[in-house]
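Q: Predicted model and sequence below, questions to follow.
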Amino acid sequence: MNNFWTNIVRYPRFFISSMIGLVLVILTPFRNLFKTPKLRWFLIVLSLIFIISLYLIILNMVGL
């Protein structure tokens, strides 16, 4: 029974480290785009368009 609780205690640490690894793997190509000045502006504009679109969608979903 002691082994069971040891595994239960380890699970949150495994979950957090897995999520951090997933985020790092997903963000690595975007970090590489920042190395080229022309692609840097493209990524910044694309990010702004994404954030503004997300804001407008959530605003319309709430009904304000």
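A: Received it, and whenever you're ready, just let me know what you need.
Q: Could you use CA atoms for every contact and neighbour count after this?
A: OK.
Q: okay, now the domains of this protein?
A: 1-32, 34-64 (automatic domain parsing).
Q: mind giving me a markdown table with these and columns for mean pLDDT and mean neighbour count?
A: Compiled in a markdown table, these are given as follows (pLDDT from 0 to 100; neighbours: other Cα atoms under 10 Å):
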| stretch | mean pLDDT | mean neighbour count |
| --- | --- | --- |
| domain 1-32 | 90 | 10 |
| domain 34-64 | 91 | 11 |
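Q: Just say helix, strand or coil for Lys35.
A: Look at Lys35: counting by DSSP: H, G, I helix; E, B strand; the rest coil, its state is coil.
Q: how long is stretch 29-47 from one end to the other?
A: Distance across stretch 29-47, first residue to last, is 14 Å (Cα to Cα, to the nearest Å).
Q: Check what contacts it and list those residues.
A: Stretch 29-47 is touched from outside by no residue, with contacts defined as Cα atoms under 8 Å, 6 or more residues apart in numbering.
Q: chain center to that stretch: distance?
A: 16 Å (Cα atoms, centre = their mean, to the nearest Å).
Q: Stretch 17-29 now?
A: Stretch 17-29 has its C-alpha centroid displaced from the chain centroid by 8 Å (Cα atoms, centre = their mean).
Q: again, but for stretch 32-52
A: That offset, for stretch 32-52, works out to 16 Å (Cα atoms, centre = their mean).
Q: and if you look at stretch 48-61?
A: 17 Å.
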